[in-house]
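**Q** Below: sequence and its predicted model.
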Amino acid sequence: MPTRLELIAEPAEAVILSGDPRRTFHLAQELIEEPRMTHLARGLWGYGGKTAGGGNLTVQSTGAGGPGAVAVLSGLVEHGTSRVVRVGSCTAEVSDLALGDSLVVEAALAEDGSSAFFPDRNDEWSLPDRELTEALATAGRLARVASRFRTDPPLREGGPAVSAFDLQTAALLAAAREFGIRAGAVLVVSGTPDGSFATEEELADPFLAAGRAALRALEAVGGTP
């Protein structure tokens with residue numbers, strides 16, 4: 001995927017990223033007063049407009065996986081985006097998480113994928129912006145997660161403990177640090193270790209709540225790390 005976004009309209013400085021275009025649509029309807037499409041190439045829908053508080057917001061889908069998400073982020077940064085929050089889904093790796101629970105990412109373990117190519121990382125962990133993460137504190141439980149391409153059960157033995165895994169958070173956080181912008185992440189648990197998975201209907205309310213928390217954090221924190 002080329003890094004150049006075929007934008008219909010310029011993005012805002014504050015952006016919420018979500019992998020699934022359907023979730024992006026619903027978040028935009030919830031958070032933007034009169035959302036207008038800002039991007040539609042490759043099915044990666046994006047929307048922009050004014051929030052109820054009068055600020056500008058873009059809600060942009062990234063697709064599945066780290067490489068495409070980093071390409072989308074790169075294009076947004078080229079057009080002036082300075083802070084982002086990922087609102088995504090994850091699969092729990094611990095038994096005390098339930099479907100629909102929300103996690104505020106304090107660190108993301110890069111098990112494979114594009115984050116390995118970004119040099120400015122703390123060992124194997126990708127770290128979010130501290131102030132954005134603090135502003136997201138009420139959105140859910142603070143947690144460490146892992147990111148990888150594979151969706152099968154983790155192969156790590158005796159490695160660092162994580163609460164859940166997804167496909168792109170580590171790559172996005174590493175890229176944001178490389179690009180010099182603020183980034184945070186809130187993940188909603190869509191699967192559990194016993195093989196249970198939530199439907200989109202069951203996840204709708206938790207995702208909207210996570211989106212509202214992401215907007216509050218973006219409004220509370222400025223754009224310069």
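**A** Yep, it's here.
**Q** only C-alpha atoms for contact and neighbour calcs from this point on.
**A** Noted.
**Q** Okay, now the unreliable bits of the protein?
**A** 1-4, 112-123, 151-160, 224 (pLDDT under 70).
**Q** one more time with 80
**A** Regions of the chain meeting the criterion pLDDT under 80 cover residues 1-7, 40-41, 43, 112-124, 149-160, 223-225.
**Q** Against which helices or strands is the strand or helix carrying residue 17 packed?
**A** For residue 17, the host element (DSSP states H and E) is strand 14-18. Secondary-structure packing of strand 14-18 (3 or more Cα pairs under 8 Å, 6 or more residues apart in numbering; DSSP states H and E): strand 56-61, strand 83-92, helix 200-220.
**Q** what about the most centrally placed residue in the chain, distance to residue 21?
**A** Closest to where the C-alpha atoms of the chain average out (Cα atoms, centre = their mean) is residue 86, at 1.7 Å. Applying Cα to Cα, to the nearest Å, the value for residue 86 to residue 21 is 13 Å.
**Q** and the residue nearest to residue 202 when sequence neighbours are not counted, how far is that from residue 22?
**A** Leaving aside its sequence neighbours, residue 202 sits nearest to residue 100 (Cα to Cα, 6 or more residues apart in numbering; 7.5 Å). For residue 100, the distance to residue 22 equals 17 Å [Cα to Cα].
**Q** More neighbours: the two, which one.
**A** residue 100 (21 against 14; other Cα atoms under 10 Å).
**Q** got a list of what that one touches?
**A** Contact partners of residue 100, counting by Cα atoms under 8 Å, 6 or more residues apart in numbering, are 188-190, 198, 202-203, 206.
**Q** residue ranges for the helices of the chain, please.
**A** 21-31, 66-78, 130-135, 169-179, 200-220 (DSSP state H).
**Q** burial of the residue lying closest to residue 50 once chain neighbours are set aside, as a residue count?
**A** Using Cα to Cα, 6+ apart and skipping the chain neighbours, the partner closest in space to residue 50 is residue 56 (4.7 Å). Residues within reach of residue 56, counting by other Cα under 10 Å, total 17.
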